[in-house]
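In: Using only what follows, build the 3D model:
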Amino acid sequence: MAYLNEVDAATLASWLSNFDNCPNNIYKPYQDNPINFSRYAYDLLCQNNSNHVNIYFGIDDSNYLVLIAVGSYLLDNFDGEETSGYADILEPGKIIELYSNAPITKSQAIKYIDKWATQNSQSRLFKKSYLLPRPNFIKLFLEDQASIVRIFFGMEADELKVMQKNPGDGSGAVAFNRAFACPYDCPGQGLA
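Out: The predicted structure is shown next:
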């Protein structure tokens, strides 16, 4: 299986430095609170490695930042006449807030995502969500046997880079970067 966009140490250091030095960086508070995607949440959302992971930025009722994860799949001809993009899987119990590693409801998720958008949509950096491909998680969780995967951010110019790595591999370990941002690549069906 091909793993997508392995990031070498020099590039990673550059992206992390750019991220830390970016003025008005609306994602900095997320980086300050480590994001751990558990194997439990992965298994719940990815259903035997058949789904990708879509993560959304949000703000809860207490004004805390949240990161919401759902499984997502590519739409095809069998999903309807006018299909494009992908769809989020919004089953009860399968919408996970990553900081608490706990399920939330669809209505809570939409409310939190809308609050994030209202407060941040004027930023030149604004994105509502990122779709992360399953091959990287298959590598980290299944082949490398990680119990958690760290999700973190870097920046190349003004483009946010969403990366994943096994924190148990140390600071020199390979990170993976491949993500599709919304906007522009929003789900055809889902929370966005």
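In: From the centroid of this protein, which residue is nearest?
Out: I55 (3.5 Å; C-alpha atoms, centre = their mean).
In: tell me the secondary structure for that residue?
Out: strand (DSSP: H, G, I helix; E, B strand; the rest coil).
In: cool, N48 as well?
Out: Per three-state DSSP, N48 ends up coil.
In: for S17, same thing?
Out: At S17 the chain is in helix, as set by three-state DSSP.
In: What about it, how many residues nearby?
Out: By other C-beta atoms under 10 Å, 12 other residues sit near S17. From N, CA and C alone the C-beta is placed, and that goes for glycine too.
In: so what's the nearest residue to K165 once chain neighbours are set aside up against?
Out: Closest residue to K165 apart from its sequence neighbours, by C-beta to C-beta, 6 or more residues apart in numbering: A175 at 4.2 Å. Residues near A175 by C-beta atoms under 8 Å, 6 or more residues apart in numbering: E6, V7, L12, F152, M163, Q164, K165.
In: and those, which are buried?
Out: Buried members of the contacts of A175, counted by 16 or more other C-beta atoms under 10 Å: V7, L12, F152, M163, Q164, K165.
In: for the closest residue to N18 other than its chain neighbours, which residues make a bridge with it?
Out: Distances taken as C-beta to C-beta, 6+ apart put M155 closest to N18, at 4.2 Å, once the chain neighbours are dropped. Under DSSP bridges, the beta-bridge partners of M155 are L160.
In: One more: Y86?
Out: Residues in a beta bridge with Y86, per DSSP bridges, are L74.
In: Give the burial count for it, as a bare number.
Out: Residues near Y86, counting by other C-beta under 10 Å: 22.
In: In terms of pLDDT, where does it sit?
Out: Note for Y86: predicted pLDDT of 84.
In: contacting residues around it?
Out: Contacts of Y86 by C-beta under 8 Å, 6+ apart are H52, N54, S72, Y73, L74, L75, L131, P187, G188, G190.
In: most residues in a single helix of the protein, which one?
Out: Taking DSSP state H as the criterion, the chain has its longest helix at helix 106-120.
In: next structured bit after that one?
Out: The helix or strand immediately downstream of helix 106-120 is strand 129-132, counting by DSSP states H and E.
In: for that next one, what is the average pLDDT?
Out: Strand 129-132 shows a mean pLDDT of 94 in the predicted model.
In: elements contacting it?
Out: Secondary-structure packing of strand 129-132 (3 or more C-beta pairs under 8 Å, 6 or more residues apart in numbering; DSSP states H and E): strand 52-59, strand 159-165, strand 180-182.
In: again, only this time at 6 Å
Out: For strand 129-132, the helices and strands in contact under the criterion 3 or more C-beta pairs under 6 Å, 6 or more residues apart in numbering; DSSP states H and E are strand 52-59, strand 180-182.
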